[in-house]
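Enquirer: When you get a sec, could you give me coordinates for this:
(one chain, ligands or ions: 1)
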Amino acid sequence: MTPEPFGARLRHAMDTRGPLCVGIDPHASLLTSWGLGDDVAGLERFTRTVVEALADRVAVLKPQSAFFERFGSRGIAVLEKAVEEARAAGALVLMDAKRGDIGSTMAAYAATYLDKDSPLFSDAVTLSPYLGFGSLRPALDAAAVSGAGVFVLALTSNPEGPEVQRATAADGRPLAQVMLDHMAAENAGATPLGSVGAVVGATLADAGVDLAVNGPLLAPGIGAQGATPADLPRVFGAAVRNVVPSVSRGVLRHGPDASGLREAAARFADEVRTAVPES
Ligand SMILES: O=c1ccn([C@@H]2O[C@H](COP(=O)(O)O)[C@@H](O)[C@H]2O)c(=O)[nH]1
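Expert: Predicted structure coming up:
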């Protein structure tokens, strides 16, 4: 049977749960402030607490792979369990791994995150296109087969991004626009939403590019990096209904109690609803 495409599953989740994505970023400083050790036991407890508190209510949970990888194989085991439990509780899992490499290596990354039989299979994964958009083909194809999605970096939330992403390509377009145009081509004709998303920081003064990719727009940078939901209409303009606002530390710092995490996520969700009533 053909799996339901990620874009359709995400649209449904956004419509029923609201569009908020909460990141699972077990910073050493957060483990400490939660009264946990900066070790695998602390990582496991932190991650389980976030999943149990939020996976039944937010549209997307976004584990940041780096914070699990730093504990080696035991950290990856925690990540695998989190992915499984979050999906079982109804959240879509976006693995934030920002993979990007030559095509033959991309095929291995695709097998890791986008093959249904992989222990790290996720609903979607973040990818970097700056080895050339075409290098992502193995991941795009694997995602289409398994009904998964990808989020491709376009304009990231960090201040260093514009040096590369706003540079002018040979044909005069900003490099980010080149990537966005590729995404739009991948999503052409998809309804209600394509499965190839773009990452566009909520921290931007304004996007300054055409965001009509017919796919979701992941907007990190809310909370700790200084952006707020009120910034979304300005940055995303007409594309704002497709925005998945993402916040990690802004929610996580309200742990370790599940109630603190839930209340913080609910506050951000309310602010998003106020700023983007049509979301
Ligand atoms: O442009 C980007 C792409 C990804 N990220 C990731 O999102 C979270 C942000 O965490 P906060 O605590 O909400 O700042 C983190 O995992 C980043 O790697 C991003 O910030 N910007």
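
Enquirer: what does the stretch 51-200 of the chain have sitting close to the ligand?
Expert: By CB under 6 Å from any ligand atom, the part of the stretch 51-200 of the chain that sits against the ligand consists of 64, 96, 156-157, 199. The C-beta positions use only the backbone N, C-alpha and C, and glycine is treated the same way.

Enquirer: Excluding chain neighbours, what is closest to the residue of the stretch 51-200 of the chain found nearest the ligand?
Expert: For the stretch 51-200 of the chain and the ligand, the shortest gap (CB to the nearest ligand atom) falls at Thr156, measuring 3.1 Å. Here the nearest residue to Thr156 in space, its sequence neighbours aside, is Gly201; by CB to CB, 6 or more residues apart in numbering that works out to 5.5 Å.

Enquirer: Hmm, Gly221 and the one you found touching each other?
Expert: Yes: at 4.4 Å, Gly201 and Gly221 qualify as touching, with contact defined as CB atoms under 8 Å.

Enquirer: okay, and the common contacts of these two?
Expert: By CB atoms under 8 Å, 6 or more residues apart in numbering, Gly201 and Gly221 have these common neighbours: 157, 227.

Enquirer: Okay, helices next: where are they in this protein?
Expert: Listed from the start of the chain, the chain has helices (DSSP state H) covering 6-17, 28-33, 40-54, 65-69, 72-88, 103-113, 137-146, 162-165, 175-187, 232-236, 249-252, 258-275.

Enquirer: Kindly present these as CSV, with separate columns for mean pLDDT and mean neighbour count.
Expert: Shown next, in CSV, are the helices of the chain (pLDDT from 0 to 100; neighbours: other CB atoms under 10 Å):
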stretch, mean pLDDT, mean neighbour count
helix 6-17, 98, 19
helix 28-33, 98, 15
helix 40-54, 98, 20
helix 65-69, 98, 19
helix 72-88, 98, 18
helix 103-113, 98, 18
helix 137-146, 98, 20
helix 162-165, 97, 14
helix 175-187, 98, 21
helix 232-236, 97, 20
helix 249-252, 98, 23
helix 258-275, 98, 17
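
Enquirer: Format these as a markdown table; extra columns: distance to Pro119.
Expert: A markdown table is the format used below for the helices of the chain (distance: least, CB to CB, whole Å):
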| stretch | distance to Pro119 |
| --- | --- |
| helix 6-17 | 19 |
| helix 28-33 | 24 |
| helix 40-54 | 15 |
| helix 65-69 | 13 |
| helix 72-88 | 5 |
| helix 103-113 | 9 |
| helix 137-146 | 14 |
| helix 162-165 | 33 |
| helix 175-187 | 27 |
| helix 232-236 | 35 |
| helix 249-252 | 25 |
| helix 258-275 | 26 |
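
Enquirer: what's the closest of those helices to Val213?
Expert: Among the helices of the chain, helix 175-187 comes nearest to Val213, with 4.3 Å by CB to CB.

Enquirer: ok now that closest one, how far from the chain's centre?
Expert: Helix 175-187 sits 18 Å away from the centroid of its parent chain (CA atoms, centre = their mean, to the nearest Å).

Enquirer: how about the residue of the stretch 51-200 of the chain closest to the ligand, what does it touch?
Expert: For Thr156, counting by CB under 8 Å, 6+ apart, the contacting residues are 165, 199, 201, 220.

Enquirer: I'd like to know how far the closest residue to Leu114 other than its chain neighbours sits from Pro192.
Expert: Beyond its immediate neighbours in the sequence, the residue positioned closest to Leu114 (CB to CB, 6+ apart) is Ala142, lying 4.0 Å away. The gap separating Ala142 from Pro192 is 22 Å, by CB to CB, to the nearest Å.

Enquirer: what do you get for Asp56?
Expert: Asp56 sits 23 Å away from Pro192 when distances are taken as CB to CB.

Enquirer: quick one: is stretch 220-232 near the ligand?
Expert: Yes: with CB under 6 Å from any ligand atom as the criterion, the ligand is reached by stretch 220-232 at 220-221, 223-225.

Enquirer: Endpoints of that stretch, how far apart?
Expert: 11 Å (CA to CA, to the nearest Å).

Enquirer: Mind listing what's buried along it?
Expert: 220-225, 227-229, 231-232 (16 or more other CB atoms under 10 Å).

Enquirer: ok, and the closest non-adjacent residue to Asp141?
Expert: Leaving aside its sequence neighbours, Asp141 is closest to Ala110 (7.5 Å, by CB to CB, 6+ apart).

Enquirer: and the one you found, what does it touch?
Expert: When contacts are counted by CB under 8 Å, 6+ apart, Ala110 is found next to 138-139, 141-143.
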